[in-house]
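Undergrad: build the 3D model from these lines:
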Amino acid sequence: MDSQDNSKLISDSSEPAGQHSRPEKRWFESVLLQIPVALGCLLLGYFLNDSGLASESAQTQPANVSVVLEPAAVPEFVFAAAPEPSSEPEPATAEHLAQPELLAAVAALDEAEAVAVDEPDAADPQGDTTSAGESDLQTLPESWEVMDSGDWSLAEDDLPELDYVASLSQGGAALPGGFDELTAGTLTRLTWHAGESLYGSSIPTPVLVAEGTEPGPTLCLTSAVHGDELNGIETVRQMMYSINPEQLKGRVIGVPIVNLQAFERHSRYLPDRRDLNRFFPGNPNGSSASRIAYSLFEQIVRRCSALVDLHTGSFHRTNLPQLRADLETPDVVALTEGFGSTVILHSTGAEGTLRAAAVAAGIPAVTLEAGEPLRVDNRAVKHSTKALFTLMNTMGMYKRRSLWGNPEPTYYGSQWVRADKGGMLMSTAKLGKRVQAGDVLGTVVDPITNSKQELLAPASGRVIGMALNQFVMPGYAAFHLGIEAPSIEELNEKLEDPDSGLDHSVAQFNEMEYERDDSE
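TA: Predicted coordinates:
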């Protein structure tokens, strides 16, 4: 018996060791499985705790800000420091957080806007039924009126499309062949080669010619001498395709894009950074700009009876529609009298400009400024086309009368109002507004210190040009004022008078013929 018990003990003790460790292994595996669960619980508790803090923080914020929607009232912006929060904040409630009044007001505005879009105007229940063929420049109301607010504008309802009556003959002949062989009563496209590109190929530039059926003067229209001035391009297009050559006396030559190289680069200047409008009448052996200027002047300008060079403001500035003209030249004065109610500014023109070179060659010429660069302004284009049709009617070339408002004055001088400090320019005066000496034209605000400098009108006049709102540097020309004077002689007397009030700390006088900051 003892031997059997001993053998049993021996057999029990001979059991593999791994069988004794199985419970310990299972416990270790269960611990490993519970670790991710514990980490997940910790993370969930952290986020729940953070959300609770946020809710508690939101409940303790002061409800001292209210929003009132008044669509008809636009408050003036005030530069002021933010007010300190109340020492005893009022606890927020569900009504404050939901703001049902605000939601209801927004919903009401959305509904009103939807009704305004879906329903026709009460004044015109039938909608706009005017066809394009019924529009006519003769029915235009008074254009470019200066409202009490100082805005110069033409309402959209007063902008009918022009009647396009001309069909283009795609001739494409080279310009040296001249204009004498053109068929009467046609609109023809010719090609003027303005020079060569960097890789040696010629630069063909389109020229549109409306040839009348009866003898008469030759009117030349040029635009985009500066490649970023787009209003003139659209003006020439509308003019050339709105003229019926069969009713035309004489000839109209339109060069929509003189400076094709600059136009393709959306730039004011040629690729070599030269201003083409400083090289007329040009030189066949000079720089690239001189050669282009010479080619245009000899092949086109010398064949003109009168020239209108179309421009806009430059470098983020805009101009009221205006004529720049040498009012000491009788033929030029006679030309300006045919543009209807358009502002006239006396300026002999800087040396090298197309206008000055044409006048020196005995060709009456003016510059028609309107609008800003790099943008087609429909109002500026409409005024320009209306003025040009009025000119053609005055010259006896084309019968198309236009109705104008009150005559615009002639300004024999101008002043630039400049910023003395850098900062953000915020204009107060509107383009076309008449101002008195001392009126605030705008403000330059330092974006860091919040200090402000007011730009004041140094003399009575009219805002005929101005910079768009932007950041400016000291000396930047912000406002261009036309100076009211009955004659050139009286203006010169004012300039020589130290008590005339023309001197000002933020506005230095600059005659247009000596310094120009807007276009030409």
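Undergrad: what bits of this structure have low per-residue confidence?
TA: Within the chain, the stretches with pLDDT under 70 are 1-33, 45-165, 170-173, 176-177, 485-519.
Undergrad: domain ranges for it?
TA: 156-394, 410-496 (automatic domain parsing).
Undergrad: out of those domains, which gets nearest to Leu403?
TA: Among the domains of the chain, domain 156-394 comes nearest to Leu403, with 9.0 Å by Cβ to Cβ. C-beta here means a position set from N, CA and C on the backbone, and glycine is covered the same way.
Undergrad: in CSV: the domains of the chain, plus mean neighbour count.
TA: Listed next are the domains of the chain as CSV, based on neighbours: other Cβ atoms under 10 Å:
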stretch, mean neighbour count
domain 156-394, 20
domain 410-496, 18
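Undergrad: what's stretch 262-271 in contact with?
TA: 198, 224, 226-229, 257, 259, 261, 275-276, 288-289, 292, 314-315, 373-374 (Cβ atoms under 8 Å, 6 or more residues apart in numbering).
Undergrad: in helices, which of those residues fall?
TA: 261, 288-289, 292 (DSSP state H).
Undergrad: show me which pair in those is furthest apart.
TA: So, these by Cβ to Cβ: farthest apart are Gln261 and Ala289, at 10.0 Å.
Undergrad: and the gap between Ser267 and Thr186?
TA: 34 Å (Cβ to Cβ, to the nearest Å).
Undergrad: I misspoke; the intended subject was Ala459.
TA: For Ala459 relative to Thr186 (Cβ to Cβ), the value is 52 Å.
Undergrad: Asn406 now?
TA: 39 Å.
Undergrad: could you pull out the helices for the protein?
TA: Shown for the chain, the helices assigned by DSSP H span residues 2-13, 17-59, 94-98, 100-118, 231-242, 260-264, 288-299, 330-336, 354-360, 378-394, 488-496.
Undergrad: who's in contact with the fifth one?
TA: Pointing back at helix 231-242 there. By Cβ under 8 Å, 6+ apart, helix 231-242 touches 162-166, 168, 187, 208, 210, 221-224, 252, 254-257, 310-312, 368, 370-371, 375-377, 380-381, 384-385, 388-389.
Undergrad: give me that answer again for 7 Å
TA: The contact list for helix 231-242 (Cβ atoms under 7 Å, 6 or more residues apart in numbering) reads 162-166, 187, 208, 210, 221, 223-224, 252, 254, 256-257, 310-312, 370-371, 376-377, 380-381, 384-385, 388.
Undergrad: how about that helix as PDB, C-alpha atoms only?
TA: The C-alpha coordinates for helix 231-242 follow below in PDB (Å, rounded to 0.1, in the frame of the first residue of the first chain):
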ATOM      1  CA  ASN A 231     -12.400 102.200 -71.200                       C
ATOM      2  CA  GLY A 232     -11.000 103.800 -74.400                       C
ATOM      3  CA  ILE A 233     -10.900 100.300 -76.100                       C
ATOM      4  CA  GLU A 234     -14.600  99.800 -75.400                       C
ATOM      5  CA  THR A 235     -15.400 103.300 -76.400                       C
ATOM      6  CA  VAL A 236     -13.700 102.900 -79.800                       C
ATOM      7  CA  ARG A 237     -15.400  99.600 -80.400                       C
ATOM      8  CA  GLN A 238     -18.900 101.000 -79.700                       C
ATOM      9  CA  MET A 239     -18.200 104.100 -81.800                       C
ATOM     10  CA  MET A 240     -16.800 102.200 -84.900                       C
ATOM     11  CA  TYR A 241     -19.600  99.700 -84.900                       C
ATOM     12  CA  SER A 242     -22.400 102.200 -84.200                       C
END
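Undergrad: quick one: the strands in the stretch 301-450 of the chain, in order.
TA: 306-311, 317-325, 343-346, 365-371, 410-411, 413-418, 423-427, 434-435, 440-445 (DSSP state E, counting those that start in this stretch).
Undergrad: relative to strand 306-311, how tilted is the longest one?
TA: Counting by axes from the mean of the first three to the mean of the last three Cα atoms, to 10 degrees, strand 317-325 lies at 170 degrees to strand 306-311.
Undergrad: give the pairing partners of strand 317-325; include direction for each.
TA: Paired strands of strand 317-325, with direction, are strand 343-346 (parallel), strand 365-371 (antiparallel), strand 461-467 (antiparallel) (DSSP bridges).
Undergrad: measure how it sits relative to strand 413-418, angle-wise.
TA: Going by the same axes, to 10 degrees, strand 317-325 is angled at 160 degrees with respect to strand 413-418.
Undergrad: which stretch among the strands paired with strand 317-325 comes nearest Pro281?
TA: Closest among the strands paired with strand 317-325, once you apply Cβ to Cβ, is strand 365-371, at 11.9 Å.
Undergrad: what residues does the closest one touch?
TA: Under Cβ under 7 Å, 6+ apart, the answer for strand 365-371 is 231, 307-313, 318-319, 321-325, 332, 335-336, 355, 358-359, 377, 380, 383-384, 387, 519-520.
Undergrad: ok, back up a step: need the domains of the chain in TSV (columns: distance to Leu44).
TA: Shown next, in TSV, are these (distance: least, Cβ to Cβ, whole Å):
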stretch	distance to Leu44
domain 156-394	57
domain 410-496	47
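Undergrad: out of the ones you listed, which is closest to Gln34?
TA: Per Cβ to Cβ, nearest to Gln34 of the domains of the chain: domain 410-496, 59.0 Å.
Undergrad: OK, contacts around Val332?
TA: 325-326, 359, 364, 366.
Undergrad: out of the residues you listed, who's nearest Arg434?
TA: Ala325 (21.2 Å).
Undergrad: look up how far Ser169 lies from the closest one.
TA: Counting by Cβ to Cβ, the gap from Ala325 to Ser169 is 34 Å.
Undergrad: same question, Gly232
TA: Counting by Cβ to Cβ - Gly232 and Ser169 are separated by 23 Å.
Undergrad: same question for Ala477.
TA: 45 Å.
Undergrad: sorry, back to before: distance to Cys41 for the strands of the stretch 301-450 of the chain - can I get that in TSV?
TA: Listed next are the strands of the stretch 301-450 of the chain as TSV, based on distance: least, Cβ to Cβ, whole Å:
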stretch	distance to Cys41
strand 306-311	75
strand 317-325	67
strand 343-346	80
strand 365-371	69
strand 410-411	83
strand 413-418	70
strand 423-427	55
strand 434-435	74
strand 440-445	56
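Undergrad: nearest to Leu43, of these?
TA: Across the strands of the stretch 301-450 of the chain, closest to Leu43 is strand 423-427 (Cβ to Cβ), at 48.2 Å.
Undergrad: can you give the strand pairings for that closest one, parallel or anti for each?
TA: Checking strand 423-427 against DSSP bridges gives partners strand 440-445 (antiparallel), strand 470-472 (antiparallel).
Undergrad: quick one, which of those strands is nearest to Ser427?
TA: Going by Cβ to Cβ, the one of the strands paired with strand 423-427 nearest Ser427 is strand 440-445, 4.2 Å.
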